[in-house]
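Engineer: missing the sequence, but the structure's below:
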């Protein structure tokens, strides 16, 4: 649940804020043509992002790294054009008039933002259901709730920001939009440069590497920066609602003005609350969600004539049990046992082929990989595939589980 709440907020809030500011500015400008082109850009971006998500999920045609470089490069060029158009308005009667440039930016820039961010949002629900798991499972329900909650926070925050921005002067909204795009531009440039530097397409420079490292390790700073910039809108509108000097001719008009002031404060509250929940999600909730899980200690077992003996009564409670075997070179080889049903046990190494020897733990009756947080289907433990524990052979004899020490000795390399 928390994982998808955090991911949705972290990956879509900046785009939602910039689009809301864009809408607010265009509403103040009064250009119906620009608004139409913005709507077309949003629809085009959403449809192209959906197409890309489907292709990514069903084919191997999409190289996401190259695609990201391409779409972000286009976005960067459009944002530079936005700055030029904002600071040095085009003059003259050439075929490319300022109005035409504004329409181009209004259409393409939001489309590129959505095309870069939305495919991952579309694909998150495809990760909710594990093989063999029912849509009626608690885990599926919690993931869905987290995803919907994240979308709700982002969409309501953007809608409220648009409502507040459209009530303030156009120059102020344009200035905040420009500042937000500038902050986002830095992150976009680094995202493009990172793979180019890694592949030595551009020469390695220590100062450039230091900048990229800082940005990659502090991506939330850019989100916080844009939140601070855009939060000026509801704050200013809130104070303005208490100091309105709009004239009125009768009590009815006065009540109307006061009602509008209350609406302004309500929308401002929604923006600030949405931003607060977003900050809490990507800081405190994320820290809690990603906290270090301490594996349970190894339980006692007996070793008799190169065989490991575990009484079945010790592992018959349906919970995860961890054991450790010390190999000939001193390596601790961990393995787990869990009773799956009346006739079978899930026995495997405390490691998998994908995540290595990070281990598994039990939470709310579910077995979970410590590294990737994937919930195991308990019925498949003991079989190869995916993030399942590496299978380990066993026998049942005289009320005991018997495991060959040689099998664990052969796997010591996984834990070295």
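Structural biologist: Here it is on my side, so go on. Note that the coordinates shown come from a computational prediction; the quantities given were computed from them, not determined experimentally. Residues are numbered from 1 along each chain as shown.

Engineer: quick one: strands adjacent to the longest strand along the chain?
Structural biologist: Counting by DSSP state E, the longest strand found in the chain is strand 332-339. Under the criterion DSSP bridges, strand 332-339 sits next to strand 321-326 (antiparallel), strand 345-349 (antiparallel) in its sheet.

Engineer: For it, buried residues please.
Structural biologist: Neighbour counts using 16 or more other CB atoms under 10 Å place 333, 334, 335, 336, 337, 338, 339 of strand 332-339 among the buried residues. From N, CA and C alone the C-beta is placed, and that goes for glycine too.

Engineer: Do I have it right that the first one meets residue 416?
Structural biologist: No - counting by CB atoms under 8 Å, residue 416 is not a contact partner of residue 333; they are 9.6 Å apart.

Engineer: got a list of contacts for stretch 140-160?
Structural biologist: Outside stretch 140-160, the residues that touch it by CB atoms under 8 Å, 6 or more residues apart in numbering are 1-9, 12-13, 16-17, 19-20, 121, 124-125, 127-129, 133-134, 234, 267-268, 270-271, 274-275, 277-278, 281.

Engineer: Also stretch 380-399?
Structural biologist: 131-132, 311-313, 335-336, 338, 340, 344-355, 360, 367, 369, 372, 374, 376, 401-404, 407-408, 411, 414.

Engineer: again, 7 Å this time
Structural biologist: Defining contact as CB atoms under 7 Å, 6 or more residues apart in numbering, one finds that stretch 380-399 is touched by 132, 311-312, 335-336, 338, 340, 345-355, 360, 367, 369, 372, 374, 376, 401-404, 407.

Engineer: Also stretch 61-79?
Structural biologist: Outside stretch 61-79, the residues within contact range by CB under 7 Å, 6+ apart are 52, 55-56, 105, 108-109, 112-113, 115-116, 181, 185, 188-189, 191-192, 195.

Engineer: got it, and stretch 119-131?
Structural biologist: 4, 7-8, 11-12, 49-50, 52-53, 56-57, 135, 140, 143-144, 147, 375, 377.

Engineer: Okay, now the unreliable bits of the stretch 1-150 of the chain?
Structural biologist: Within the stretch 1-150 of the chain, the segments meeting pLDDT under 70 span 29-30, 87-98, 130-134.

Engineer: Can you list the residue ranges for helices in it?
Structural biologist: If DSSP state H, counting those that start in this stretch is used as the criterion, the helices of the stretch 1-150 of the chain fall at 2-29, 32-58, 64-87, 98-123, 138-165.

Engineer: and for stretch 105-113, what are the contacting residues?
Structural biologist: When contacts are defined by CB under 7 Å, 6+ apart, stretch 105-113 is touched by residues 15, 18-19, 22, 26, 34, 37-38, 40-42, 44-45, 71, 74-75, 78-79, 81-82, 85.

Engineer: Over to residue 311: give its phi and psi.
Structural biologist: With angles defined as degrees, to the nearest 10, residue 311 sits at phi -60, psi 140.

Engineer: For burial, what's the neighbour tally of it?
Structural biologist: Using other CB atoms under 10 Å, residue 311 is surrounded by 13 other residues.

Engineer: is it in a bridge, and if so with what?
Structural biologist: As for beta bridges, residue 311 partners with residue 400 under DSSP bridges.

Engineer: unless I'm mixing things up, it is touching residue 400, no?
Structural biologist: Yes - the pair residue 311 / residue 400 is scored as a contact, 5.6 Å apart, by CB atoms under 7 Å.

Engineer: And stretch 15-35, how far out from the chain middle?
Structural biologist: Counting by CA atoms, centre = their mean, to the nearest Å, stretch 15-35 is centred 26 Å from the centre of its parent chain.
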